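S.K.: what shape does this take:
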Amino acid sequence: MNTALPSPFTDIDLDLTDRRVGKVRISYALPDLERLFITTDRLSAFDRVVAAIPYKGQVLNELAAWWFANTADIIPNHVLGVPDPNATIGIEASPLPIEVVVRGHITGVTSTALWHRYNRGERTIYGYRFPDGLRQHQQLDTPLITPTTKAHAGAHDEPISCADVVSGGHVSAEIWAQVEAAALSLFARGQQIAASAGLILADTKYEFGIDPDGTLILIDEMHTPDSSRLWVSATYDKRLARNEDPESLDKEPIRRALIAAGYDGNGPSPDLGPEVSAETSARYINAFERLTCRPFQPGSYPVEPRLNEALHRAGVL
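M.R.: Residues are numbered from 1 along each chain as shown. You can find the predicted model right below:
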């Protein structure tokens, strides 16, 4: 038995020489141009791993698979099966060198965020011209596609305009037209489903790839608390009127906590402590249950002993 692998996967025929470690996933090559993706509890912000959140990996894995099943009529995706709460078997695709963020609101706290740039006086951002007088967290007249290059070695994604994607040679005009159409359709579907769950899909990230047959497909994850801002709609208007941050079921409070502690993405991140980790876990599970309309069933992965008490206090266990 290979003890480097979680026990549910030790008998799967893996190519252990092709092991790829990302910020929140570990993947292994399988036969027939497939991969096993294991989603961990690691949480990233500032393009770095900053914490471990109990059951985060399971929520991301199961929720993303649920979303893929509910949007397969818009664009095919890489998911072939979910053999474990924390794992997906997917198609071995070639990722596009561009990540696509669709924004329905003007928000964000990091230096490249849409609101941060607007608030410091920029009016032409990602190739779009924004009017004066917008407020933080305000809904935009229409959702906007804001592409970025993929981050490498801890460097933040580079914001570019849609025109730059083709003129810069990142993606062909034909593929980019498919990406734009799919991204807007996915976001509209996401907004609709989120609204029925009492949530607002404020913005989200999509990643696309090319499968072995040359077809554009959706990869990675989608509409999860890691890749999206999900706000509680019942309290949104009141909080906006009071200039307060929206009530969120995503990782935005983690970003704000790190910024408040003086963290800017350089060096080791501050220890968030068990209470913050447990509260974040509760938010992720709340989003999962609202969207899927089914109770969250924790898998068998062990939770650190120091977090158990905090998880009980937060109502997670």
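
S.K.: excluding covalently adjacent residues, which one is nearest to residue 91?
M.R.: residue 78 (4.4 Å; CB to CB, 6 or more residues apart in numbering). (Glycine included, C-beta is placed from N, CA and C.)

S.K.: swap that for residue 13, please
M.R.: Nearest one to residue 13, counting by CB to CB, 6+ apart, is residue 31 at 6.1 Å.

S.K.: returning to what we had before: I'd say the residue nearest to residue 91 and residue 212 touch.
M.R.: No - with contacts counted by CB atoms under 8 Å, residue 78 stays clear of residue 212, the gap being 11.0 Å.

S.K.: these two - which one has more neighbours?
M.R.: residue 78 (23 against 11; other CB atoms under 10 Å).

S.K.: and the more buried one, how close does it get to residue 22?
M.R.: Distance, residue 78 to residue 22, using CB to CB, to the nearest Å: 14 Å.

S.K.: and for the residue nearest to residue 13, the neighbour number?
M.R.: There are 8 residues near residue 31, going by other CB under 10 Å.

S.K.: again, but for residue 263
M.R.: Per other CB under 10 Å, the neighbour tally for residue 263 reads 18.

S.K.: same question, the one 3 residues further on
M.R.: Residue 266: 9 surrounding residues under other CB under 10 Å.

S.K.: you'd agree it is in a helix?
M.R.: No - counting by DSSP: H, G, I helix; E, B strand; the rest coil, residue 266 is not part of a helix but coil.

S.K.: tally of neighbours for the closest residue to residue 92 other than its chain neighbours?
M.R.: Once flanking residues are discounted, residue 92 sits nearest to residue 33: 4.4 Å by CB to CB, 6+ apart. Applying other CB under 10 Å, we find 11 residues neighbouring residue 33.

S.K.: would you list every one of the strands in the stretch 101-250 of the chain?
M.R.: Ranges of strands in the stretch 101-250 of the chain, per DSSP state E, counting those that start in this stretch, are 124-125, 128-129, 139-149, 199-210, 216-219, 228-232.
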